[in-house]
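J.: Return atomic coordinates for the entry below.
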Amino acid sequence: MTPEEVQEMIDQSVAKAIDKHNKTATIISATIGSVLLFFYAHGLLQVVDRFKYFLYNGKYRDVAQFGRALALGARCRRFESCHPDFNLNDTMSKLKKVEWTWNHGKVFSKLIYENDEFDLRKNDKPPPTNSSHDIAHFICGFNENLEWDYQIEPNHIVEYNAVFVEQLLVAFSHYYYHNNHHSIDIGVVSEQIDNYMKWFSEIYYKIQEDHPSKKYHADLKKDFFNKLDIKTLEKYFLQFYHTWVVEKLMGNQKFNIIITMDSTVDYEFKPLYDYLIQVKKILTK
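T.: Down below sits the predicted model:
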């Protein structure tokens with residue numbers, strides 16, 4: 001066999017090997033690409049489906065991600081008021097509208113009250129709580145007599161109310177995000193929420209010791225549900241859910257988001273309303 005024939009055989013073998021490698025690589029790449037595309041499309045469609053209200057109304061900014069449900073024992077941060085005529089009153093004014101901006105943990109809020117007075121608040125310090133905790137405070141503020149303003153001291157009851165709202169909505173949001181909100185075990189969820197709020201009020205926050213009311217969880221819970229308007233939680237669920245999903249997907253505070261909460265806008269979501277009514281019934285019996 002001549003050297004030329006040997007070289008020709010080598011060239012043919014190499015060509016076959018390269019062709020086989022390319023075909024295999026193409027199949028593997030196509031398979032991996034299809035799998036990744038499926039999961040990407042699945043996740044994207046879920047997010048789009050959840051956010052269609054916000055996408056339509058132009059309220060959604062930045063890429064959404066998922067974060068923690070609640071910073072344990074969330075103690076709300078202090079805000080600096082930049083309203084020139086702002087004075088803290090002994091009573092908490094009911095909110096009429098909120099324009100809230102979260103920029104990588106820095107927060108700016110415009111709060112408009114029922115009497116049309118307004119308050120501008122900003123915070124440039126890293127927050128000790130999740131972004132959705134702010135929304136929980138505002139939801140309390142849209143109730144008639146539910147303490148909500150984190151600037152008024154002592155703020156133990158304010159935090160108890162906000163964390164209670166947060167727990168109620170986070171539990172439902174978790175199931176809703178995974179498309180199984182129709183199969184929530186109300187008994188189990190109610191017990192979990194009740195246990196957490198008892199821990200928060202009596203062990204972590206020590207309201208029975210450090211607050212003038214000296215109330216334990218049982219009385220605090222009774223007061224909470226007596227003042228809480230379930231329809232208010234239903235009405236502003238989308239704003240809470242939007243914020244919760246973004247922080248869950250991001251896994252940190254490095255995102256931008258703008259939320260508007262307006263008392264003149266109506267929103268109903270029967271699965272959430274039914275869930276809240278059932279949980280209230282169990283926790284107040």
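J.: how about the helices in the stretch 51-200 of the chain?
T.: Counting by DSSP state H, counting those that start in this stretch, the stretch 51-200 of the chain has helices at residues 131-141, 156-177, 186-198.
J.: show me what contacts the residue lying closest to Y175 once chain neighbours are set aside?
T.: Closest residue in space to Y175, ignoring its immediate chain neighbours: H181 at 4.2 Å, by CB to CB, 6 or more residues apart in numbering. In short, each C-beta sits where N, CA and C put it, glycine included. H181 makes contacts with 172, 175, 271-272, 275, as judged by CB atoms under 8 Å, 6 or more residues apart in numbering.
J.: And the furthest pair within the residues you listed?
T.: Distances among those were taken as CB to CB; the most separated pair is Y175 and L272, at 10.3 Å.
J.: between the two, which one's more packed in?
T.: Using other CB atoms under 10 Å as the criterion, Y175 and L272 rank with L272 on top: 23 against 17.
J.: The more buried one touches L233, doesn't it?
T.: Yes: between L272 and L233 there is a contact at 7.5 Å, judged by CB atoms under 8 Å.
J.: and the angle for the host helix or strand of F224 with helix 131-141?
T.: Element membership of F224 [criterion: DSSP states H and E] is helix 217-227. For helix 217-227 against helix 131-141, the angle by axes from the mean of the first three to the mean of the last three CA atoms, to 10 degrees is 60 degrees.
J.: In helix 217-227, which residues are buried?
T.: 217, 220-221, 223-224 (16 or more other CB atoms under 10 Å).
J.: Same question for stretch 132-146.
T.: 132-143, 146.
J.: which regions of the stretch 1-150 of the chain sit below the pLDDT cut-off?
T.: 1-91 (pLDDT under 70).
J.: Could you tell me the end-to-end distance of stretch 248-261?
T.: 21 Å (CA to CA, to the nearest Å).
J.: and it, what's its mean pLDDT?
T.: Averaging pLDDT along stretch 248-261 gives 93.
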